[in-house]
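> Provide a 3D model corresponding to the input given below.
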Amino acid sequence: MPNGRHLLITSSTYAYLEPRFLAAGDFERGEVVRKAFPDGECYRRLACDVWGRDVVLLGGTPTDLDWLEVYDLGCAISRAGARSLSIVMPYFGYSTMERAVLPGEVVTAKTRARLISAIPPCEAGTRVFLFDLHTDGIEFYFGDAHVTHHVYGAPLVTQAVKTALQGRDYVLGATDAGRAKWVQSLAHTLDVEPAFVYKRRDSASGNLAVTGVNADVRGREVMIYDDMIRTGGSLLQAARAYLEAGATRVHAIASHLVLPGDSLDKLRASGELDIITGTDSHPSSQKLPGGCVVSVAELLVSAVGRS
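Model (predicted):
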């Protein structure tokens, strides 16, 4: 008879999140043997018996190598006879390349979804769990052989905002009008006023310039929400606009703290953001000190258990 506990197998990049998943659910930890060949190729072997087991594969895709590891491990788990496979992707890489703008552009979000869809389905099904996608439609880029679930992070974001602001008067802000609907929904849940900045594109240079703020933020704090913080250029532009409009302090929260290179240092050095917080969906979230991020583990483990 198959073991009733789920077997948790984790990609190398998401080892930091594995203990939180083990603590949040009734999992047995699965071992993977890894080594690198002199020519740079990767060797991987499942050092656990997955036959007849319900397996959870935890692995986001911040880099191209992460995409390949999730694909390789998923194929190995399926071919080794797993009863079912749940692929949990806290971060979906290339989510901003969900459509083509210029002729010949690769819609990488779709090609990578097709890659994961090529993992052979297990006897009792293969499911993919995605967390706070940049665009809802990405969920439907996957093939029909796999069932996809988009897990929204609103409960985590709203709780993190409440914890950070501790009952003080604040406005929930967006970086631009493009994120206004998301912020409006979160602001309604938090029972606070939403705000966003107006931007206009310069016809000569193509650059976006802030032209105003839609809400009265004078004498109030602003918590800016965005789905991801990368280099933070648009975030700092919005922070300056809120400060110039009279905000006393500006903070930032994101579902995905991507923070490549020294971007976190630059955001801190700007002096325009007091609190930077978010979830641990991306490995770069570990750059922030303990207590500054909220874990996605319980939410994602609960989603796997419900489905």
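> rest of the way, CA atoms for contacts and neighbours
Will do.
> what about residue 159, how many neighbours?
12 (other Cα atoms under 10 Å).
> what about it, helix or strand, and which?
Assigned by DSSP states H and E, residue 159 falls within helix 154-165.
> what of residue 111?
Assigned by DSSP H and E, residue 111 belongs to helix 108-117.
> mind saving the C-alpha coords of that helix as PDB?
Output of helix 108-117 as PDB, limited to C-alpha atoms (Å, rounded to 0.1, in the frame of the first residue of the first chain):
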ATOM      1  CA  THR A 108       8.900  33.100 -22.800                       C
ATOM      2  CA  ALA A 109       6.200  32.700 -20.200                       C
ATOM      3  CA  LYS A 110       4.300  30.500 -22.700                       C
ATOM      4  CA  THR A 111       7.300  28.500 -23.900                       C
ATOM      5  CA  ARG A 112       8.300  27.700 -20.300                       C
ATOM      6  CA  ALA A 113       4.800  26.700 -19.400                       C
ATOM      7  CA  ARG A 114       4.900  24.400 -22.400                       C
ATOM      8  CA  LEU A 115       8.200  22.900 -21.000                       C
ATOM      9  CA  ILE A 116       6.600  22.100 -17.700                       C
ATOM     10  CA  SER A 117       3.500  20.700 -19.500                       C
END
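> please name every helix or strand in contact with that helix.
Applying 3 or more Cα pairs under 8 Å, 6 or more residues apart in numbering; DSSP states H and E, we find helix 108-117 packed against helix 64-79.
> what angle separates the helix it packs on from helix 108-117?
Counting by axes from the mean of the first three to the mean of the last three Cα atoms, to 10 degrees, helix 64-79 lies at 30 degrees to helix 108-117.
> tell me how many other residues surround residue 78.
By other Cα under 10 Å, the residues close to residue 78 number 22.
> isn't it up against residue 122?
Yes - using Cα atoms under 8 Å, residue 78 makes contact with residue 122 at a distance of 5.6 Å.
> okay, and the common contacts of the two?
Shared contacts of residue 78 and residue 122 (Cα atoms under 8 Å, 6 or more residues apart in numbering): 84-85.
> which SSE is immediately downstream of the helix holding residue 159?
Downstream of helix 154-165, the next assigned helix or strand under DSSP H and E is strand 170-174.
> average pLDDT for that next one?
For strand 170-174, mean pLDDT rounds to 95.
> what packs against the next helix or strand after it?
Sequence-wise, the next helix or strand downstream of strand 170-174 (DSSP H and E) is helix 180-190. Packing partners of helix 180-190 (3+ Cα pairs under 8 Å, 6+ apart): helix 154-165, strand 170-174, strand 193-195.
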